[in-house]
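K.L.:
Just need the structure, nothing else, for what follows:
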Amino acid sequence: MTMSVNKNISIAFSIFLLVVMTNTIFAQKEVDANNGASKQEILFQSKSWNETLAMAKSSGKYIFVDAFTTWCGPCKLLKSTTFRDKNTAAFFNENFVSYAVDMEKGEGVGLAEKWEVTAYPALLFFSPDGKMVLRQTGYVDGKKLIQFGKQALEKK
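P.N.:
Here you go, the predicted structure:
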């Protein structure tokens with residue numbers, strides 16, 4: 001009888017370990033998948049404009065700015081589609097320092113005034129020294145955003 005109880009405990013413990021290990025493996029795959037997905041979207045700086053500008057100057061990269069508001073439908077659509085397009089993300093992550101700013105909060109209020117942004121989303125392109133070289137207002141798909149990015153890179 002004791003051997004039967006020990007065997008049942010051993011089987012139960014084995015099943016428990018199997019479940020824990022399986023959950024751990026699936027959780028790790030989910031983390032890996034999420035990390036891979038983050039590489040397939042435009043990576044925006046969470047720093048201030050001045051810090052973003054300093055990064056651009058030191059790297060020699062142009063700056064892409066997503067000037068948005070929280071209530072803007074096309075802004076939300078950009079974030080959920082265009083900025084997550086694999087080809088668009090690869091192009092922008094390689095060629096730009098990207099910065100997203102809510103134009104109705106914090107430093108965004110002053111930047112909206114300085115940059116004369118009155119419609120959203122405003123997609124702004126700056127040279128590494130902070131000179132605005134191109135602007136576009138409204139929703140665009142990934143291919144069109146890449147075209148704008150290429151146009152901006154051609155401007156000095």
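K.L.:
who's in contact with Lys131?
P.N.:
Contacts for Lys131 (Cβ atoms under 8 Å, 6 or more residues apart in numbering) come out as none. Every C-beta, even on glycine, is put in place using the N, C-alpha and C of the backbone.
K.L.:
which stretches of the chain form strands?
P.N.:
Counting by DSSP state E, residue ranges of the strands within the chain are 44-45, 62-68, 96-102, 122-126, 132-137.
K.L.:
Make TSV from those and add mean pLDDT and mean neighbour count to it.
P.N.:
Below are these laid out as TSV (pLDDT from 0 to 100; neighbours: other Cβ atoms under 10 Å):
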stretch	mean pLDDT	mean neighbour count
strand 44-45	93	18
strand 62-68	98	24
strand 96-102	97	22
strand 122-126	98	23
strand 132-137	97	16
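K.L.:
want to throw those into CSV with distance to Gly108?
P.N.:
Below are those laid out as CSV (distance: least, Cβ to Cβ, whole Å):
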stretch, distance to Gly108
strand 44-45, 13
strand 62-68, 7
strand 96-102, 4
strand 122-126, 11
strand 132-137, 16
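K.L.:
what's the closest of those strands to Ala54?
P.N.:
Closest to Ala54 of the strands of the chain is strand 96-102 (Cβ to Cβ; 9.6 Å).
K.L.:
Just list what the closest one packs against, helices and strands only.
P.N.:
strand 44-45, helix 49-59, strand 62-68, helix 107-115 (3 or more Cβ pairs under 8 Å, 6 or more residues apart in numbering; DSSP states H and E).
K.L.:
Looking at the last one now, give me its mean pLDDT.
P.N.:
Think helix 107-115. The pLDDT scores in helix 107-115 average 97.
K.L.:
For that helix, output the C-alpha coordinates as CSV.
P.N.:
Extracted C-alpha coordinates of helix 107-115, given in CSV (Å, rounded to 0.1, in the frame of the first residue of the first chain):
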residue,chain,number,x,y,z
GLU,A,107,7.0,69.9,-23.9
GLY,A,108,4.7,69.0,-26.8
VAL,A,109,2.7,72.2,-26.2
GLY,A,110,5.7,74.4,-26.8
LEU,A,111,7.0,72.3,-29.7
ALA,A,112,3.6,72.5,-31.4
GLU,A,113,3.8,76.3,-31.2
LYS,A,114,7.4,76.4,-32.3
TRP,A,115,6.9,74.0,-35.2
